[in-house]
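*Asks:* my questions concern the predicted model and sequence given below.
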Amino acid sequence: MKKAMLILLSCLLAITLAACGGGDSTDVTDGKAVGKVSDIKGTVRVALAGWKLENGIDALTGNPTIGLKEFLSQTFEKMYPNIKLELYEIPWENVKAKQSAMLLSKDVDVLYTGGAFASQWYQEGLLRELDDLIKGDSSFKKDIYLSGLFDSSYSTKSPDGTKQFGIPAVLGRRLTVFDTKLFQDWGVEPLTEKPTPQEIMEKAKKMTGKNPKTGEQNYGLYWSGNSLNGSTFVALTLAFGAKGAEGKLNDMKNVKWKLNTPEMVKVMEYLKEAAKLAPAGFVNAQGAENFGLAKNNIAIGLDQTGGATMSEWRSKKDKALLDRFEPRMNMGPKGEGWVAVDPFIMAKDAKDPKAAWEVLKFLSGYETQKFMYKNYSYTPTLKSPDFLDENDKFIKMALKVAEVGHSELMDEANPFYMSDIVPAVNGFISKAASGNAPDIQTFLNDLQARAEKWSASLK
Amino acid sequence: MAINQEAAQPLPSTRQRKKKWMTRNDWMGYAFSAPLIIGVLAFAIYPMFAALYMSFHQTNGTSLTGKWVGTNNYSYALSDPIFWQAIKNTIYMGVFSVILGIGFSFILASLINSLKWNLGKNFFKAVYFLPNVVSGVATSLLFSFLFFPSKEGLINFLFDLFGLQPVGWFTNPAVSRFSIVIMSLWGALGYNTIIFLAGLQSVPRDLHEAAEVDGANAFRRWLHITIPYLRPIFVFMLIMGTIGGMKRFTDVWLIGGTAGNPGGSLMTVVLYIYRNAFLAGQMGLATATSYLLFIIIMLLTMALMLLNRRKDSLD
């Protein structure tokens, strides 16, 4: 009995060790030799929102993933052997409060974070400008980045556009994606390359109801009704020419609010009409669990990433879904929408700015972006990311959308937009979905008055 | 003789006694408790005063000082209809959560306590306590799928079996607040039950025996002995439940987002504070609202304490 137990335990131990050991495919350098670049010394503390530090498994595809620590040990640590890295993994949940605390207590030198947070910290004087470091480093090539993200995004540039405080590292994907199968079932023409809100509405209306071929309930449209950043609302303001506000982000007390204009009325009318075409759960960001997958029942998804379809492709290598779901540009006049950019930034009181700059430059550079794309499907911010999967049409489209992107005051970097406008619009959408939408002009007049009161309170 | 000599010595003066009181051992005691005292001062007392100071300033929180605005932050919050809507929602969800939570958990505890079989008691205690160890995030995710607004959700699927229309648990403003109450009942039932069980086991057996001799049946004994005897526990549960209910945030934020969707029905006071502090960067307004919430909680707690001042005949 004892022998049997011993054998059983030995087998279990062997299996466990084999499972934990992983394979030997953790090379991140593609076989290239990595040599020393500099003798620069220093300790750099890095806080990374949402990055995985350890090797693991992709929960969606089941594919093994390599953690940042492994990547850095094979690359950065060989290039800069005298720079000691202290890495902190910060979950995205409530990340602003956590990283704010690190900045205030001067416990961090370099951060990866959300673009809106970076912009607010810059205005609060917590970040270091990077212009002198960029100027003094001939090896840094800003031309590799999409110019719209590097030169004119609130996430990387000061509100007046003169100072650089961040380097774009990860791009958010906001695409219009449609299901060609449902379009065929309903006999509706596919979306054009740059579908306007009117075209989307017209076609979505035709595809809401019982599918003529399958008899299943179909929904013409989906977007997240409780989005934190109101990206669909932003795209619609661009499409209808509703500016929402005029002024400068660093002078919010003097901003002229334009929230109750006829253009904004059109935006709200559109949302009111669109709310009838989405599944009920959309007000709480539910109902699109199958979008991008075989069981999908939604014809058009606004501000989608194509992530589910690409995960299926990566894990099963079956092109059926990839052929079924097609990306299109966003709803703005040039196909633009709201473009999220997550940058790397440096704390105002970084202990060793030169060493911190080398770290920041590397983590936002080509090699790291390639590594993050291959392991975690992060969208690069580069002009020519030659490492993309040739089948990844979603990222290619996202880069096109980013190229025409521009920052307006209806942006998450605007504090009143985040704290009041987005919640108010989301509240309006949920009321419209239940058939109790308030009078649009009255709603917008109230929002305008609220915005003016808010700006006045800053004076 | 020696005894007489000692008795003849005068008693040490108060001053001398004070000197003796602060002995080396006393200093050691203070030194050992210093970490705790410093911790309380640094992490509880100081933030409270700092927040109060901040509430009279216009600041984004990067520093304590900012532009002095007097009571503007307080008047801004008090004149904001969203703040009052948040108060209304918070009280609605708090009141139902506390009343139903206490009622159900007390009945449940009484049922478990009446079991003769110890193993059965422990089994039910463990079963009902399990939800208490599940995080608020996991609970919210679980219920967002259980309460899915169409037939794909488990509850609406069951409704459909009986020919009932699906309910928009978290999508219909008319029912969303009560759905949150149901969810919080599930999460808190176990903890409340354990507290009541401990109380039930402390009710003296002789009181029940005396009442039994006088001819009182089990229900009357429960009504007239058990419930009055547990009044301090009821008050404790009421106070703790009220404080917890007024601080509701995680579940409503995860389900309704920053808007407190649907239609702002899940907007609570702490969500309002969060929006101002971390989305608008108006820490002065957020701290002022925190103090308003503190005053509301204090008043409610005082009212509940007053309710318990009546001298109980069983004390």
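*Replies:* Noted; the coordinates are in hand. Residues are numbered from 1 along each chain as shown, chains lettered A, B, ... in the order given.
*Asks:* buried residues in stretch B:145-158?
*Replies:* Residues of stretch B:145-158 classed as buried: B:146-150, B:152-153, B:155-156 (neighbour count, 16 or more other CB atoms under 10 Å in any protein chain shown). C-betas here are computed from N, CA, C, even on glycine.
*Asks:* repeat that for stretch A:194-203.
*Replies:* Going by neighbour count (16+ other CB under 10 Å), the buried part of stretch A:194-203 is A:194-195, A:197, A:199-201, A:203.
*Asks:* with stretch B:75-91 instead?
*Replies:* B:76-77, B:80, B:82-83, B:85-87, B:89-91.
*Asks:* pick out the most distant pair among these.
*Replies:* Pairwise distances across those peak at 21.1 Å for B:Tyr76 and B:Ile91 (criterion: CB to CB).
*Asks:* now the residue nearest to B:Tyr191 when sequence neighbours are not counted: how far from chain A?
*Replies:* Distances taken as CB to CB, 6 or more residues apart in numbering or on different chains place B:Asn132 nearest to B:Tyr191, at 4.8 Å, with adjacent residues excluded. In this view, B:Asn132 and chain A are 21 Å apart by CB to the nearest CB, to the nearest Å.
*Asks:* and B:Asn132, what pLDDT?
*Replies:* On the pLDDT scale, B:Asn132 is placed at 87.
*Asks:* what sits against the residue most central in space within chain A?
*Replies:* Nearest to the centroid of the C-alpha atoms of chain A, with distances taken as CA atoms, centre = their mean, sits A:Gly172, at 2.7 Å. Under the criterion of CB atoms under 8 Å, 6 or more residues apart in numbering or on different chains, the neighbours of A:Gly172 are A:339-342, A:379.
*Asks:* that older thread, filter the buried residues of stretch B:75-91 down to the ones near chain A?
*Replies:* Counting by CB under 8 Å from any CB of the partner chain, B:Tyr76 from those sit close to chain A.
*Asks:* just send the buried residues of stretch B:75-91 back as CSV, with secondary structure, pLDDT and distance to A:Asp323 too.
*Replies:* Compiled in CSV, the buried residues of stretch B:75-91 are given as follows (DSSP: H, G, I helix; E, B strand; the rest coil; pLDDT from 0 to 100; distance: CB to CB, whole Å):
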residue, secondary structure, pLDDT, distance to A:Asp323
B:Tyr76, helix, 94, 55
B:Ala77, helix, 96, 54
B:Asp80, coil, 94, 52
B:Ile82, helix, 95, 47
B:Phe83, helix, 96, 52
B:Gln85, helix, 96, 48
B:Ala86, helix, 97, 48
B:Ile87, helix, 96, 53
B:Asn89, helix, 97, 47
B:Thr90, helix, 96, 50
B:Ile91, helix, 95, 54
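*Asks:* wait, doesn't B:Ala109 sit right on B:Phe196?
*Replies:* Yes. Between B:Ala109 and B:Phe196 there is a contact under CB atoms under 8 Å: 3.5 Å.
*Asks:* pLDDT weak spots in chain A?
*Replies:* Low-confidence segments of chain A, defined by pLDDT under 70, are located at A:1-6, A:8-25.
*Asks:* could you report the neighbour count for the residue in the stretch 251-400 of chain A positioned nearest to chain B?
*Replies:* At 4.0 Å from chain B, A:Ala280 is the closest residue in the stretch 251-400 of chain A, using CB to the nearest CB. A:Ala280 has 21 neighbouring residues, counting by other CB atoms under 10 Å in any protein chain shown.
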